[in-house]
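> The following block contains a protein sequence and its predicted model.
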Amino acid sequence: MYMRTIKLREGVLHFPVKPGINKRHTLQIWAGGVMLREFLLAITDQEEFEYFFLDLREFVGRDVTLILPGPAAAPDRTSAPDRTSAPDRTSAPETAGLCADVLDRVIDGGDCEPGSPLYPDLYREALRPQFHFSSRRGWLNDPNGLVSINGEHHMYYQHNPLGTPHGSANICWGHAVSAADGQWDFIRWKEHSDAILPWRRDWLVASGSAVADAENAAGYGENAIIAAFTALGSDNLKGGVFPSGGQFLAASTDGGESFYLFSSQAAVPTKNGYGWRDPRLFRYGDHYVMAVYETFEGVNCVSFYVSKDFHNWRWASRNMNLYECPDIFPLALESGETKWALFGADGMVRIGDFDGYGFIESGVSHPLDYGDSTYAGQTWNNHPEGKRIHISWIRGMGSLKGEVLGYEGMPFSQCMSLACELSLKKEGSGTPSEGWAPAAGRASVEGRTAAAGRASAAGWRVLRNPVKGAASLRMGESENSETAVDGEWEIPVAPRNEYCLRAADITSSSLIINAGRHIIRFVPQDRTLYFENGHSCLLDTAELDLRVFVDTTTMELFFADGIAATYAMHPRDMRLALQGKCALRCERWGLASIWE
């Protein structure tokens with residue numbers, strides 16, 4: 001066992017960590033006989049490392065003792081966060097392979113920020129996205145707790161602050177804020193300290209949501225931020241088994257910087273320890289609704305619970321065949337008609353009606369994103385103008401597998417998508433667009449079972465377009481070119497650029513778009529886009545208008561009809577090309593970095 005006592009003067013501890021999937025060690029922090037924190041990290045005494053940090057400023061002025069225990073107190077699990085792989089165990093002591101002075105390399109210092117000598121390359125790392133949010137250090141995945149209040153847009157997210165694998169350990173709610181300034185909303189982000197931390201050694205703080213309690217229904221004050229999340233079994237102690245402790249609620253009265261639990265007991269318990277999770281809070285009329293991913297008779301589903309005070313919840317209904325991270329919200333047509341959109345983590349949207357207690361499907365199912373890289377997308381509650389803004393986790397770099405997912409050697413891993421505004425479009429009458437299939441499943445509403453609707457008269461499509469602030473990224477004048485394409489035409493692309501393409505007078509039977517290693521086929525005769533994952537959609541015209549945002553590890557395509565396709569890839573695979581015969585106009589804008 002190795003120990004070191006430090007008197008906290010600045011309150012941010014900086015640990016030498018080897019990024020990537022490496023041997024992890026249990027490290028404990030004690031003060032006054034109480035363990036303040038316990039976590040797993042790949043602390044190292046080798047020459048090659050990066051500093052990772054832990055904010056302990058609430059304990060400034062106190063003596064804290066760092067302890068690397070003797071026998072292994074936790075497994076060394078480095079599999080992907082699908083919660084299915086068995087852990088690797090070792091009987092070696094936690095200090096095996098480390099020198100006795102390894103804790104002497106831990107530094108009590110200031111914040112992790114540009115200009116710090118401990119972080120000389122912050123936001124300038126080789127694979128750092130420049131206009132997509134990524135955390136300063138550590139792993140990032142699902143967006144959580146998206147809420148707008150007091151002129152700020154809050155984005156919480158799944159965060160392992162002390163390692164680049166998810167690792168099923170240390171997971172808390174990271175926190176970033178975008179000012180509602182009318183120009184950079186949802187584009188520029190300022191990372192704050194982690195907001196919700198595990199309070200038990202065997203739990204992690206999994207995904208959830210947040211709302212502003214404008215009328216003080218919960219009793220914590222007007223406009224308190226109420227967060228709902230899952231306490232999920234952590235690999236800090238468990239190893240390979242991830243039972244859900246249920247859905248918990250917490251309140252923030254300091255503008256979202258910190259939260260405290262309603263209770264140490266779950267507001268919505270989980271039966272039999274199943275991994276039910278990802279509560280989605282929203283208001284409907286005079287009560288609040290919580291949508292939770294569950295299972296029923298062995299089938300994935302989303303259950304709806306209702307409450308008037310956030311403290312007492314009752315089950316209302318369920319919809320079958322939905323998996324993880326549900327989201328549900330209303331969207332209005334220009335005619336004034338309102339429909340509701342419901343989807344799980346895969347972003348397959350169902351359109352229907354919601355009465356505050358149950359969802360009845362009346363449309364067809366279609367992807368919110370037609371690419372292969374977005375997951376667990378969510379939308380903001382309490383937008384001041386009532387807009388529905390959406391953001392997703394962009395997973396890795398395409399086909400690369402494993403927890404680091406293509407960010408090898410980096411002190412961070414993963415990023416978020418561009419924020420997009422959602423809107424609803426009616427697809428006319430009769431048969432829905434080719435390639436759109438009705439979603440399977442039935443809805444049980446208030447104890448009754450009702451068949452889900454099946455688009456007998458009309459279809460709807462949820463449109464996804466970059467928020468207005470994305471145009472603020474453009475720098476200087478655009479570069480314009482026009483060419484007659486006959487065969488294959490390569491468009492030179494580089495990160496931090498936006499490309500606007502218009503393909504007109506298409507005389508070939510199809511126009512092929514190459515985005516990295518991915519292929520999209522447009523058939524002008526039937527105005528249909530065909531994607532390599534088997535999905536297709538009908539466009540309004542036989543011409544093609546396309547915006548392409550290229551960042552360090554991402555390529556996001558937005559067609560003029562509100563059709564989006566997101567791909568993650570290594571910079572060496574970045575490519576944009578057309579094959580066919582058309583008149584092509586291309587405009588290119590250089591884009592600013594959100595970190596500068």
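Looks like it arrived, so ask away.
> How many residues are close by P330?
15 (other C-beta atoms under 10 Å). Where C-beta positions appear, they are placed from N, C-alpha and C, glycine not excepted.
> Now do the contacts for it.
P330 is in contact with 338-341, 354, counting by C-beta atoms under 8 Å, 6 or more residues apart in numbering.
> Please, which helix or strand holds it?
According to DSSP states H and E, P330 maps onto strand 327-332.
> Kindly provide the distance from the closest residue to G562 other than its chain neighbours to D540.
Nearest residue to G562, sequence neighbours excluded (C-beta to C-beta, 6 or more residues apart in numbering): L463, at 2.6 Å. Separation of L463 from D540 (C-beta to C-beta, to the nearest Å) stands at 11 Å.
> Ok, W199 next?
Distance from W199 to D540, by C-beta to C-beta: 52 Å.
> same question, W30
In this structure, W30 and D540 are 64 Å apart, going by C-beta to C-beta.
> quick one, which of those two is more surrounded?
Neighbour count, other C-beta under 10 Å: between W30 and D540, W30 has more, with 17 against 12.
> and that one, what are its bridge partners?
With DSSP bridges as the criterion, W30 is bridged to M35, T65.
> Can you name the next helix or strand after the lowest-mean-pLDDT helix or strand in the chain?
Lowest by mean pLDDT, DSSP states H and E among the helices and strands of the chain is strand 448-451, with a mean of 33. Following strand 448-451 in sequence order, the next helix or strand is strand 458-466 (DSSP H and E).
> Tell me the strands beside that following strand, with direction?
strand 420-429 (antiparallel).
> For F282, give its distance to A266.
Distance from F282 to A266, by C-beta to C-beta: 19 Å.
> can you check G32 too?
With distances taken as C-beta to C-beta, G32 is found 30 Å from A266.
> Neighbour count for these two, which is higher?
A count of neighbours by other C-beta under 10 Å puts A266 above the other of G32 and A266, at 17 against 10.
> Neighbours of the closest residue to that one other than its chain neighbours, how many?
The shortest distance from A266 to any non-neighbouring residue, by C-beta to C-beta, 6+ apart, is to G246 (2.7 Å). For G246, the tally of surrounding residues (other C-beta under 10 Å) stands at 20.
> hang on, G246 packs against A267?
Yes: at 7.4 Å, G246 counts as touching A267 under the criterion of C-beta atoms under 8 Å.
> Need the overlap of contacts for those two.
With C-beta under 8 Å, 6+ apart as the test, G246 and A267 reach no residue in common.
> Low-confidence regions, the stretch 401-550 of the chain specifically.
Within the stretch 401-550 of the chain, the stretches with pLDDT under 70 are 401-404, 428-458.
> where along it do the strands fall?
Counting by DSSP state E, counting those that start in this stretch, the stretch 401-550 of the chain has strands at residues 412-413, 415-416, 420-429, 442-445, 448-451, 458-466, 474-490, 497-504, 511-515, 518-523, 528-531, 536-538, 544-550.
> what would the ones you listed look like in TSV with mean neighbour count and distance to R37?
Shown next, in TSV, are the strands of the stretch 401-550 of the chain (neighbours: other C-beta atoms under 10 Å; distance: least, C-beta to C-beta, whole Å):
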stretch	mean neighbour count	distance to R37
strand 412-413	25	21
strand 415-416	24	26
strand 420-429	18	36
strand 442-445	19	43
strand 448-451	11	48
strand 458-466	21	39
strand 474-490	12	42
strand 497-504	20	42
strand 511-515	20	43
strand 518-523	19	42
strand 528-531	20	45
strand 536-538	20	48
strand 544-550	22	38
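> among these, which is nearest K190?
Nearest to K190 among the strands of the stretch 401-550 of the chain is strand 415-416 (14.1 Å), distances taken as C-beta to C-beta.
> For the closest one, which strands pair with it and how are they oriented?
Going by DSSP bridges, the partners of strand 415-416 are strand 389-394 (antiparallel).
> Look up which residues are beta-bridged to the residue nearest to S252 when sequence neighbours are not counted.
Spatial nearest neighbour of S252, excluding adjacent residues (C-beta to C-beta, 6+ apart): I225 at 4.2 Å. Beta-bridge pairing of I225, defined through DSSP bridges, involves A212, S252.
> what's near enough to touch I225?
Here I225 is in contact with 145, 147, 149, 154, 210-213, 251-252, 255-256, 259 (C-beta under 8 Å, 6+ apart).
> That one and H159, how far apart?
Counting by C-beta to C-beta, the separation of I225 from H159 is 18 Å.
> Over to L68?
According to C-beta to C-beta, L68 and H159 sit 23 Å apart.
> what does V147 give?
V147 sits 17 Å away from H159, going by C-beta to C-beta.
> ok, those two, which is more surrounded?
Neighbour count, other C-beta under 10 Å: between V147 and H159, H159 has more, with 28 against 23.
> element containing the closest residue to the more buried one other than its chain neighbours, please.
Sequence neighbours aside, G174 is the residue nearest to H159 in space, at 3.2 Å (criterion: C-beta to C-beta, 6+ apart). According to DSSP H and E, G174 maps onto strand 172-179.
> Who are the packing partners of that strand?
Judged by 3 or more C-beta pairs under 8 Å, 6 or more residues apart in numbering; DSSP states H and E, strand 172-179 is in contact with strand 138-149, strand 152-160, strand 190-196, strand 203-213.
> Could I get those in CSV, plus columns for distance to L41 and mean pLDDT?
Below are the helices and strands packed on strand 172-179 laid out as CSV (distance: least, C-beta to C-beta, whole Å; pLDDT from 0 to 100):
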stretch, distance to L41, mean pLDDT
strand 138-149, 10, 97
strand 152-160, 9, 98
strand 190-196, 15, 98
strand 203-213, 14, 96
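> Those strands: which one's closest to G406?
Nearest of these (C-beta to C-beta): strand 138-149, 12.7 Å.
> for the closest one, which positions count as buried?
138-149 (16 or more other C-beta atoms under 10 Å).
> same thing with stretch 356-365?
357-365.
> quick one: which two of these are the most distant?
Spanning the widest gap among these are Y357 and V364, at 23.3 Å by C-beta to C-beta.
> quick one: contacts for the residue nearest to R527 when sequence neighbours are not counted?
Leaving aside its chain neighbours, R527 sits nearest to L539 (4.7 Å; criterion: C-beta to C-beta, 6+ apart). By C-beta under 8 Å, 6+ apart, L539 lies in contact with 522, 527-529, 559-561, 563.
> Compile those residues into JSON lines and extend it with columns for distance to H535.
Supplementary listing: the contacts of L539 in JSON lines, determined by distance: C-beta to C-beta, whole Å:
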{"residue": "F522", "distance to H535": "13"}
{"residue": "R527", "distance to H535": "15"}
{"residue": "T528", "distance to H535": "11"}
{"residue": "L529", "distance to H535": "9"}
{"residue": "F559", "distance to H535": "13"}
{"residue": "A560", "distance to H535": "18"}
{"residue": "D561", "distance to H535": "14"}
{"residue": "I563", "distance to H535": "10"}
